[in-house]
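**Student:** What follows is a predicted structure for the sequence shown.
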Amino acid sequence: MISPTVRRGLMLLPLLALAGCNTVVLNPSGDIAAQQGHLVVVATLLMLLIIVPVIALTLLFAWRYRQSNTQAKYDPDWDHSTKLELVIWGAPLLIIIVLGLLTWISTHLLDPFRPLSRLDANRPVAADVKPLVVQVVALDWKWLFIYPEQGIATVNELVTPVDVPVRFQITASTVMNAFYIPALAGQIYAMPGMQTTLNAVINKPGEWEGFSANYSGAGFSHMRFKYRGVSQAEFGDWIKSAKSAGGELTRAGYQQLAEPSEREPVRHYGAVDAELFSKVVNRCVADGSTCINAMMAADAQKNAAPEKDGRVALNGAEICVTPPTSQKTDNARPY
């Protein structure tokens, strides 16, 4: 016969499995992720102020007013208590107000488009500090990182210096993905034809995992990369190593890289087309294709001063645009 104490101990035994859980979200190495983790903890504690008493009172009432307890007061005609109503409605209302204020403030402070104002809780960002720009492209099913200021590109490897603000410019080649490094900051969606931004900083050297947090097809499970935070000196050495690897990521090379593939190894490009990221965002990497921003500029110019034949000049070149809506579409001439 197993004693009640032993039975209770066996019931708690599965909790030991939680000891191996990765709690990087609540114990990150980047200031933005740390603030987000703190927000999660505070919001959870505020909600527990209601959840715990409700659960405790539910169990208490079930026990106190059980059928076998003849000592409990039985009052079938009771129907109202002003004090009880104030507690039932007032406490949750106050918590909702506090949560709303906390969420509103944090949403603006942690806006991913907002440039960083601090490195951590004790160190502001100096006025003359320029963020490191990294352009991120979500491909099928791998990640491309372009360092425009350093003139290099990498596949499935991201390296940034510690305590240096980083501005990620993020897009996708085909379907929507989500760029996520739990140790650094929250996830940001990567969408084709659009550019999103994430400002973040890593405060500790180390190696972490990044991945896509949005299902994007057959190779989604392996769409992961290594992220390393290094010292300034190590970052400089890494840049030199990437440059010495040789090879240039051209528009033609990008089109080959963009073909669907899984488990891509890390690779470095010592040079990269300076306009590649812009071409990816505007979906005009292929020769002869018209960029989205060019079409939008042409439409804007057409609406401002439409030409009779539907052609407008853009940067010295003629681009055909849709005729004004007043014209019949069956009379529109193809170009």
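**Tutor:** Looks like it came in fine. These figures come from a predicted structure and were not determined experimentally.

**Student:** What ranges does the stretch 51-200 of the chain have for its helices?
**Tutor:** 82-109 (DSSP state H, counting those that start in this stretch).

**Student:** now the strands: where do they sit in the stretch 51-200 of the chain?
**Tutor:** All strands of the stretch 51-200 of the chain, identified by DSSP state E, counting those that start in this stretch, fall at 118-120, 123-124, 132-139, 142-147, 152-155, 157-161, 166-172, 177-181, 185-190, 196-200.

**Student:** which stretch among those strands comes nearest Val25?
**Tutor:** strand 185-190 (9.3 Å; C-beta to C-beta). (Glycine included, C-beta is placed from N, CA and C.)

**Student:** angle of that closest one against strand 166-172?
**Tutor:** Angle of strand 185-190 versus strand 166-172, following axes from the mean of the first three to the mean of the last three C-alpha atoms, to 10 degrees, is 40 degrees.

**Student:** Walk me through which strands strand 185-190 pairs with, and which way each runs.
**Tutor:** Paired neighbours of strand 185-190 in the sheet (DSSP bridges): strand 177-181 (antiparallel).

**Student:** mean confidence for the partner strand?
**Tutor:** Within the predicted structure, the mean pLDDT of strand 177-181 is 96.

**Student:** Need the residues that contact that strand.
**Tutor:** 30, 136, 138, 143, 158, 168, 170, 186-190, 198, 208-214, 216, 223, 227 (C-beta atoms under 8 Å, 6 or more residues apart in numbering).

**Student:** Of these, select the buried ones using a ChimeraX command.
**Tutor:** Buried residues within these, by 16 or more other C-beta atoms under 10 Å, are selected in ChimeraX with:
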select :30,136,138,143,158,168,170,186,187,188,189,190,198,208,210,211,212,213,214,216,223,227
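
**Student:** so who does the spatially closest residue to Gly247 that is not a sequence neighbour touch?
**Tutor:** Using C-beta to C-beta, 6 or more residues apart in numbering and skipping residues adjacent in sequence, the residue nearest Gly247 is Tyr269, 5.1 Å away. Contact analysis of Tyr269 by C-beta under 8 Å, 6+ apart lists 152-154, 242, 245, 247-249, 253.

**Student:** and the gap between Tyr269 and Pro124?
**Tutor:** To Pro124, Tyr269 is 35 Å away according to C-beta to C-beta, to the nearest Å.
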